[in-house]
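coords please:
(2 chains)
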Amino acid sequence: MLQRTHNISPSDMPAIQIEGLNKWYGDHHVLKDVSLSINKGEIMVVCGPSGSGKSTLIRCLNQLEAYQEGRVSLFGQALSSDTASTQHINQNIGMVFQNFNLFPHLTVLENCTLGLTWIHKVPEDDAIKEAMVLLDRVGIAHLADRYPGQISGGQQQRVAISRSLAMKPNILLFDEPTSALDPEMVKEVLDVMINLASTGMTMVCVTHEMQFARQVADRVVFMADGEIVEMGPPEQVLMTPKWDRTKEFLEHVL
Amino acid sequence: MKNVTNKQAVPLQKFVATKSRLPKDSSSGLIAYVRQKFFNNLFNSVLSLAVFYLLYILISGALNWAVFDAVWNAANRRECQTLSPNGACWAGVISWFNNLMYGRYESALQWRVNLGAVFGLLWLIPLALNKTPYKTWVFISAILLYPFLAAYLFLGGEIGSEISLFHAFVSAFALAYLLLLYINLGLAYSRLGTLHRPLIGLCQKITRTKAKPLSFTLVWCFLALIIWMVFASYTLSYVPIDRWGGLFLTFIIAGFAITMAIPLGVILALGRRSKLPVIYWLSLLCIELVRSVPLITVLFMSVTLLPLFLPADIEFNKLSQVLVAVCIFAGAYMAENIRGGLQAIPEGQYEAAKTLGLGYWHSMVLIILPQALRMMIPNIMTSFISLLKDTTLVSIIGLFDIMLMARNIANDKAWLGLHTEPLVLISILFFVLCFGMSQYSLNLEKRLKVGH
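This is a model prediction of the structure:
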């Protein structure tokens, strides 16, 4: 289903490599020496209490946030804010936000075709076809002509996922994709994500959905106070945590 | 997600939603309405009666003056006054009506002004229709092409003279574009076949080229050439700018300022939000300087001071100086409106555009500005309305716009001292125009509102 058009480096190279990342908001130290590597095709769930820096961490991966120290490299190429690097990020990383951030003045379909027609220069008819396939995959092809304001939150988030997928990224970042949703709509979005996980997409998800983590994650990262407390396969981190902080957190969310 | 397996001992009851019903009908007859709104107690009844009486005096007085006692047919003001000393003397306004509309434009040539206005309307109508294909291009062409067509019609001149040659040349393209636009519009509304872009398909067939823009350009140039040949065989006689006037001139100034205000305002607003210090400070300076000076001062400066700074051999006519001044003025105000809209767009929209790979200009033009402009429609329209009214100030520096023409009536020997009636007419005219604009903006808001 997912076409990988970009030629990427050998499979043994990590998709994303983070080395010694430090970030401050003023005097507030939000990321403390974070190092992490994410492999190609890996599904990583980042969890932790609010204010632990997990959203900031994944926003550093596509340079939405600037950081003061450290290095992030994407398929072996160190990232910076220059044009070439931005292009490299845009070709490889897509992102799904907590508040969907759909473009309210465009229809669902136009939201999905926008990137294709303007960035990838795909002819309009082909772009529509491609977008419809994606919308069909997340089960909302029948809403293609609606505006984001006219559909439910769960549907909006599924549109946002299709919009990101339309750009054919190799890595998808999810920043608390279900936190703004009503309980009844969480499932429809998680189903789409589980489905996506089975296609071999590299995914980094900040989420509190531990059931999702247990079901599809290859690794779970637990963060607290700007650092990685522990990391490992979901059974290990979620069932037999080594640290008291992890245990305390898990008692609250499970 | 959660595989809860609670064994239920009792079978579950099936939930069926209660049927909805309508609220009680609370509307009642007219008499009940009037009684409830105006005469619900003694004090309010007295108040209502007093207000009704005052309204009666006002309205009947105004109607008596303007309609029942008015003189519509007279040779001069003296005759008006002998016929009806207490009524309005519309005869004077009627005899000057042509001048109020066209200034001192020769009456035999006024069809050119009318034709120009018709073309302008033809250009604007597709923008108001929903199905118009390539609306952005229609808008851009209206800004870039129409002014030349209008200038060619209004100004005229020997086809050999440089400026007129240029105007006629661009006008040919403008007319050809307008023609194609309407063909396209007709096709879009008739829905010929299921073709997505019927006109482009047609162009491709005619020119036997595959590239869509190229085929369109070829057809366009060909049409323009034909129109150009028609133009070349006629000469429109020259009408100097100082003969332009009346409502016609008011429309030119206001129309120019309104169309230029948006692009200029967008550029200044983006500049003021720019992170590059030079652009930021230049925009800030421009906006703040212009905003802190009255329009009259800007107008005077552009007419009296500007020529001092420019080399002696460059000579601008008064109209173009005024146009530049009004544009800068309108742009500065518009910039602040648009900046307000830009600030109201949530940060998430910028981030979403960025993660999709859209660069600065793409995200501005496709994502941010459409939303910001939409949000600011009421403010923008308010600016436009005040701009339209402000254009009457140009009469102070001696352009014969509708205001100056109206004051000239009082100086005419036959209508000496006729001040009130022309001003009343102008008030009515401006009210109709401004009210129309505000109604259009309400309509625009309603049409562009997409579920929130």
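
got the residues of the stretch 151-254 of chain A near chain B?
Applying C-beta under 8 Å from any C-beta of the partner chain, we find that the stretch 151-254 of chain A lies next to chain B at A:163-164, A:167, A:186-187, A:190, A:209, A:211-212. For glycine as for every other residue, the C-beta is placed from the backbone atoms N, C-alpha and C.

Most widely separated two among those residues?
A:167 and A:211 (28.7 Å; C-beta to C-beta).

Tell me how many other residues surround residue B:395.
20 (other C-beta atoms under 10 Å in any protein chain shown).

Then residue B:387?
Residues near residue B:387, counting by other C-beta under 10 Å: 20.

Residue B:86 too?
11.

Leaving out the residues flanking it, which one is nearest to it?
Closest residue to residue B:86 apart from its sequence neighbours, by C-beta to C-beta, 6 or more residues apart in numbering or on different chains: residue B:69 at 5.4 Å.

Hmm, residue B:87 and that neighbour touching each other?
Yes - with contact defined as C-beta atoms under 8 Å, residue B:69 reaches residue B:87; the gap is 3.0 Å.

These two: which has the busier surroundings?
Remark: of residue B:69 and residue B:87, residue B:87 carries more neighbours, 18 against 14, as counted by other C-beta under 10 Å.

which residues does the more buried one contact?
Listed by C-beta atoms under 8 Å, 6 or more residues apart in numbering or on different chains, the contact set of residue B:87 reads B:64-65, B:68-71, B:80.

can you do 7 Å?
B:65, B:69-71 (C-beta atoms under 7 Å, 6 or more residues apart in numbering or on different chains).

May I see the buried residues of the helix or strand encompassing residue B:269?
Using DSSP states H and E, residue B:269 sits in helix B:246-272. Residues of helix B:246-272 classed as buried by neighbour count (16 or more other C-beta atoms under 10 Å in any protein chain shown): B:246-262, B:264-272.

Could you do stretch A:46-63 as well?
Per 16+ other C-beta under 10 Å, stretch A:46-63 contains these buried residues: A:46-49, A:52-63.

Any stretches of the chain with poor pLDDT?
Because you didn't say which chain, this covers chain A. Low-confidence segments of chain A (pLDDT under 70): A:1-12.

my bad, the chain I had in mind was chain B
Looking at chain B by pLDDT under 70, you get B:1-8, B:26-27, B:158-162, B:191-198, B:312-315, B:451-452.

do you know how far the nearest residue to residue A:38 once chain neighbours are set aside is from residue A:160?
Nearest non-adjacent residue to residue A:38, counting by C-beta to C-beta, 6+ apart: residue A:16, 4.3 Å away. Going from residue A:16 to residue A:160 by C-beta to C-beta, to the nearest Å gives 21 Å.

give me the number of residues near residue 210?
Assuming you mean chain A. 19.

that's the wrong chain, I meant chain B
8.

Please report how far it lies from residue B:46.
82 Å.

do residue B:414 as well
50 Å.

more crowded one of those two?
It is residue B:414, of residue B:414 and residue B:46, that has more neighbours when counted by other C-beta under 10 Å, with 16 against 11.

for that one, what are its contacts?
B:76-77.

Now do the host helix or strand of residue B:91 against helix B:246-272, angle only.
Taking DSSP H and E as the definition, one finds residue B:91 inside helix B:90-102. With axes from the mean of the first three to the mean of the last three C-alpha atoms, to 10 degrees defining the directions, helix B:90-102 sits at 50 degrees from helix B:246-272.

buried ones in helix B:90-102?
B:90-93, B:95-96, B:99-102.

One more: stretch B:272-284?
Neighbour-count burial for stretch B:272-284 [16+ other C-beta under 10 Å]: B:272, B:274, B:283.

just curious, which of these is nearest to chain A?
The closest of those to chain A turns out to be residue B:274 (C-beta to the nearest C-beta; 16.6 Å).

Three-state assignment for that closest one, please.
coil (DSSP: H, G, I helix; E, B strand; the rest coil).

Now for the closest residue in space to it that isn't next to it in sequence: which residues touch it?
Closest residue to residue B:274 apart from its sequence neighbours, by C-beta to C-beta, 6+ apart: residue B:280 at 5.0 Å. By C-beta under 7 Å, 6+ apart, the contact set of residue B:280 is B:271-272, B:274.

Name the next helix or strand downstream of the helix holding residue B:269, please.
Assigned by DSSP H and E, the successor of helix B:246-272 is helix B:277-291.

Report whether the expected contact of residue A:247 with residue A:240 is present.
No - with contact defined as C-beta atoms under 7 Å, residue A:247 does not count as touching residue A:240 (9.5 Å).

mind listing the strands for the chain?
No chain was given, so I picked chain A. For chain A, the strands defined by DSSP state E occupy A:16-25, A:28-38, A:43-47, A:69-74, A:77-78, A:93-96, A:171-175, A:202-206, A:219-224, A:227-232.

TSV please, covering those and showing distance to residue A:130.
Output for the strands of chain A, formatted as TSV (distance: least, C-beta to C-beta, whole Å):
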stretch	distance to residue A:130
strand A:16-25	26
strand A:28-38	27
strand A:43-47	24
strand A:69-74	24
strand A:77-78	27
strand A:93-96	15
strand A:171-175	17
strand A:202-206	21
strand A:219-224	32
strand A:227-232	36
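
Quick one: closest of those to residue A:155.
strand A:93-96 (13.7 Å).

which of the contacts of residue B:87 are buried?
By 16+ other C-beta under 10 Å, the contacts of residue B:87 give B:65, B:70-71 as buried.

residues contacting the closest residue to residue A:69 other than its chain neighbours?
Distance criterion C-beta to C-beta, 6+ apart; nearest residue to residue A:69, sequence neighbours excluded, is residue A:22 at 3.8 Å. By C-beta under 7 Å, 6+ apart, residue A:22 lies in contact with A:31-33, A:67-70.
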